[in-house]
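A.B. asks: Provide a 3D model corresponding to the input given below.
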Amino acid sequence: MHKGKGMKFVGDSRISAERKPNIPKDYSEYPGRTEAFWPNFLLKEWLAGSVFLVGFMCLTLAHPSPLEGMADPTNAGYIPLPDWYFLFLYELLKYDFASGPFILLGILVIPGLAFGGLLLAPFLDKGPGRRPHQRPIAVGMMLLGLASVIWLTYESASHVDWAQRAEANKPIPPSEEVEIDKQDPGYAIYESNCMTCHGGDLSGGAAAPPLIGIDRSAEEIAKIAREGIGTMPADQFKGSDEELKKLTDFIVSVNEQGN
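C.D. replies: Numbering: from 1, shown residues only. A predicted model of the protein is given here:
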């Protein structure tokens, strides 16, 4: 058909004038190699996610979060630790090459190079194979990073007595909380002799047990203050006998509130 100057419209009989529905391909032609995204693939993903979620919930019920006491800025004996997934970075900062004047190397440069290397691994090893021996660069970098994280985490956690730490800094339920009379003359003596290790609210810390909820007489407390007990060395109290009596009376009065 001619229309206009030098223009031709050509019809193509191979294209159907009727629109046909878009029918998905029959995957039975490729058994074991492909599967439909819905519902086959999604059903498997949802099932795996549900199993993981139930397992995670059981784990949290069997092992609750290890909560500690309220933060006390006056407790100089408490040594804070990061969560377990940051222990490897915490341990890294203990080495000379990553601390002190080289602290930026430990908090930025080394972790940045490590995570950057893992991100670049797929681009550095572009081989078509997917088996570990066919991708030596990517697998080697992954194993090096994994081994480093495991080793640093182990080194950081192996020196901590987790049972003693949890026992020394247990949270105090509201029903067991006592009111500290900071106007008591014994509290001033407590501040100068005991607060560093036992905390401003007598709740203890990583280096010393709590002084609340103890069943000791004033004489026993005075003897411990002079002679020490357990990991507490002797002669920690530097005051006079009169000050020691005020201190022991104060500690006993605090414990009598909870009884």
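A.B. asks: residues in contact with the helix or strand Leu152 falls within?
C.D. replies: Of the helices and strands defined by DSSP states H and E, Leu152 is found in helix 136-157. Identification of contacts with helix 136-157 by C-beta atoms under 8 Å, 6 or more residues apart in numbering yields 84, 87-92, 114, 117-118, 121-122, 124-125, 132-133. Using the backbone N, CA and C atoms, a C-beta is placed for each residue, glycine as well.
A.B. asks: For the buried ones among these, write the corresponding PyMOL selection.
C.D. replies: Per 16 or more other C-beta atoms under 10 Å, the buried members of the contacts of helix 136-157 correspond to this PyMOL selection:
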select buried, resi 87+88+89+90+91+92+114+121+125
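A.B. asks: Quick one: name whatever helix or strand follows the helix holding Leu152.
C.D. replies: Counting by DSSP H and E, what follows helix 136-157 is helix 162-168.
A.B. asks: Run the chain-centre distance for that following helix.
C.D. replies: Helix 162-168 sits 17 Å away from the centroid of its parent chain (C-alpha atoms, centre = their mean, to the nearest Å).
A.B. asks: Convert the C-alpha atoms of that helix to CSV, please.
C.D. replies: Output of helix 162-168 as CSV, limited to C-alpha atoms (Å, rounded to 0.1, in the frame of the first residue of the first chain):
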residue,chain,number,x,y,z
TRP,A,162,31.8,-14.7,83.4
ALA,A,163,30.2,-16.4,86.4
GLN,A,164,32.0,-14.1,88.9
ARG,A,165,31.2,-11.1,86.8
ALA,A,166,27.5,-11.9,86.6
GLU,A,167,27.4,-12.6,90.3
ALA,A,168,29.2,-9.4,91.3
